[in-house]
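1. just the structure for this:
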Amino acid sequence: RSQKTRRVQVPQARRGVTAPFYRTPAGVPAAMVEACGVTEADVVLDLGCGDGEILLAACEARGCQGIGVDLDRTLLLTARRRADEAGVGARVDLVCGDFAGVDSWRRAPVSVLLVYLVPACLQLLLPVFREHLREGGRAASYHFPVPELEPVETLDV
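-> Residues are numbered from 1 along each chain as shown. Below you'll find the predicted structure:
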């Protein structure tokens with residue numbers, strides 16, 4: 001069967017929130033995917049996905065659909081190339097924009113939320129986490145806790 005590639009969507013980016021890019025340490029993406037029990041039936045959302053390390057770990061290992069949102073077009077192009085090289089390009093949507101202002105991911109049937117964001121961004125996304133978790137979704141945040149939410153589990157990776 002032929003492998004179709006999804007393009008990077010480029011809406012007008014709104015520069016309100018800054019989420020600096022930090023490379024995700026080895027082993028962390030796999031631990032996040034395992035902790036959330038990601039399956040082939042899931043749709044995984046990575047806000048501030050950068051080069052796609054966490055998102056692609058889920059899509060490659062578990063065969064799920066993935067959505068990544070980031071402001072940095074260069075990092076998204078790297079994520080797109082990596083997704084295509086890994087053979088998961090047809091299952092990954094990448095959106096260039098400020099995750100606080102891009103609505104396309106909000107309409108998706110997201111079941112797992114994976115993030116590596118600084119506290120200010122996590123505070124901004126608190127309503128998203130609350131709504132997502134209330135609906136039975138799973139979430140993992142690397143390095144920084146989500147303000148006002150008690151973790152079910154904390155892992156040392």
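2. from here on, just use CA atoms for contacts and neighbour counts.
-> Noted.
3. buried stuff in the helix of greatest length in the chain?
-> Secondary structure of the chain per DSSP state H: the longest helix is helix 73-85. For helix 73-85, burial by neighbour count (16 or more other Cα atoms under 10 Å) applies to 73, 75-77, 79-84.
4. which strands and helices sit next to it?
-> When contacts are defined as 3 or more Cα pairs under 8 Å, 6 or more residues apart in numbering; DSSP states H and E, helix 73-85 sits against strand 8-9, strand 92-96.
5. does the residue nearest the centre of the chain belong to a helix, a strand or coil?
-> What sits nearest the mean C-alpha location of the chain, by Cα atoms, centre = their mean, is D46, with 0.7 Å. State at D46, reduced to three classes by DSSP: H, G, I helix; E, B strand; the rest coil: strand.
6. next: L122.
-> L122 ends up helix, using three-state DSSP.
7. burial check on it, number of neighbours?
-> Using other Cα atoms under 10 Å, L122 has 20 neighbouring residues.
8. was I right about it contacting L149?
-> No: contact status for L122 versus L149: not in contact, 10.6 Å apart, counting by Cα atoms under 8 Å.
9. re earlier: pick out the shakiest of the helices and strands packed on helix 73-85, pLDDT-wise.
-> The minimum mean pLDDT among the helices and strands packed on helix 73-85 belongs to strand 8-9 (a mean of 42).
10. then T39 would be within a helix, right?
-> No: going by three-state DSSP, the assignment for T39 is coil, not a helix.
11. for this protein, what spans make up the strands?
-> Ranges of strands within the chain are 8-9, 43-47, 65-70, 92-96, 112-115, 138-141, based on DSSP state E.
12. for A79, give its distance to P151.
-> 29 Å (Cα to Cα, to the nearest Å).
13. likewise for S111?
-> 17 Å.
14. the two: which has the busier surroundings?
-> Taking neighbours as other Cα under 10 Å, S111 and P151 compare with S111 leading, 20 against 11.
15. how confident was the prediction at that one?
-> So, for S111, pLDDT stands at 90.
16. tell me how far it lies from M32.
-> S111 is 14 Å from M32, by Cα to Cα.
17. before we move on, what about E135?
-> 20 Å.
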